[in-house]
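A.B. asks: got a predicted model here, sequence first, then my questions.
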Amino acid sequence: MAFEKFDSLSEEEQNSTMQRYYKLQSKIYDATRWSFLFGRNQIIREIPLDPAGKWNILEVGCGTGYNLRNLAARFPNAQLTGLDVSTDMVDLSIKNTRTFGERVKVLAQPYMLGETAWNEQLDLVLFSYSLTMINPHWKDLIMQAKADLKPGGYIAVTDFHDSRNLWFKKHMANNHVRMDSHLTPLLSQEFTPVVNQVNSAYWGVWEYMLFVGKK
């Protein structure tokens, strides 16, 4: 399969690959991603937390800060942290969230299984178009999110799902994206689904998924 090359990567190799990939992509990310990263606005609307609450929110793979800005606007009393392994993306995210002051903190570091800094301290963990690029360690990050969420906290995920077109899956694999419907089974197993959708993009060229689950 097109994604078999991902299976032998260590966490260090995966992080280095993402650093190199986003060195260029960070310069064009916001100008291009609107055309195919569907579901990013919807997933934030689907989060079943009181907008007035004083929540503790983490986004893994925060990129340029697009979602952090939307989260900070929807939850004006929340404390938000964004993580990304790309220092180029983190620099943009810090710049793009500066208006929210100390409510938003952005860190250039990976999210890894076994860390204890947030254990049962988070109300929400968001993965937006990041898990399909974290290979083969995406399972570890889902389980880490479960450990870090408070009882009754939520995981929210929007990402690529699958494609019936092998040429497209190979193209995405060349851009470090794994597409084989692999996220939703584990998410549904580990969390109680609140939202579980698969939607079609560009007349069926590919599918993207939205999942909100409660711990």
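C.D. replies: It's in.

A.B. asks: residue ranges of the strands in the chain, please?
C.D. replies: Here the chain has its strands, by DSSP state E, at 56-60, 79-84, 104-108, 122-128, 149-162, 192-201, 206-214.

A.B. asks: would you format those strands as JSON lines with distance to residue 183 included?
C.D. replies: Where C-beta positions appear, they are placed from N, C-alpha and C, glycine not excepted. Formatted as JSON lines, the strands of the chain follow (distance: least, C-beta to C-beta, whole Å):
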{"stretch": "strand 56-60", "distance to residue 183": "13"}
{"stretch": "strand 79-84", "distance to residue 183": "18"}
{"stretch": "strand 104-108", "distance to residue 183": "24"}
{"stretch": "strand 122-128", "distance to residue 183": "9"}
{"stretch": "strand 149-162", "distance to residue 183": "6"}
{"stretch": "strand 192-201", "distance to residue 183": "10"}
{"stretch": "strand 206-214", "distance to residue 183": "6"}
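
A.B. asks: could those strands go into a markdown table alongside mean neighbour count, mean pLDDT and distance to residue 172?
C.D. replies: A markdown table is the format used below for those (neighbours: other C-beta atoms under 10 Å; pLDDT from 0 to 100; distance: least, C-beta to C-beta, whole Å):
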| stretch | mean neighbour count | mean pLDDT | distance to residue 172 |
| --- | --- | --- | --- |
| strand 56-60 | 23 | 98 | 20 |
| strand 79-84 | 22 | 97 | 20 |
| strand 104-108 | 19 | 96 | 25 |
| strand 122-128 | 24 | 98 | 16 |
| strand 149-162 | 22 | 97 | 7 |
| strand 192-201 | 14 | 97 | 12 |
| strand 206-214 | 21 | 97 | 8 |
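
A.B. asks: wait, which of those is closest to residue 176?
C.D. replies: Nearest to residue 176 among those is strand 149-162 (11.3 Å), distances taken as C-beta to C-beta.
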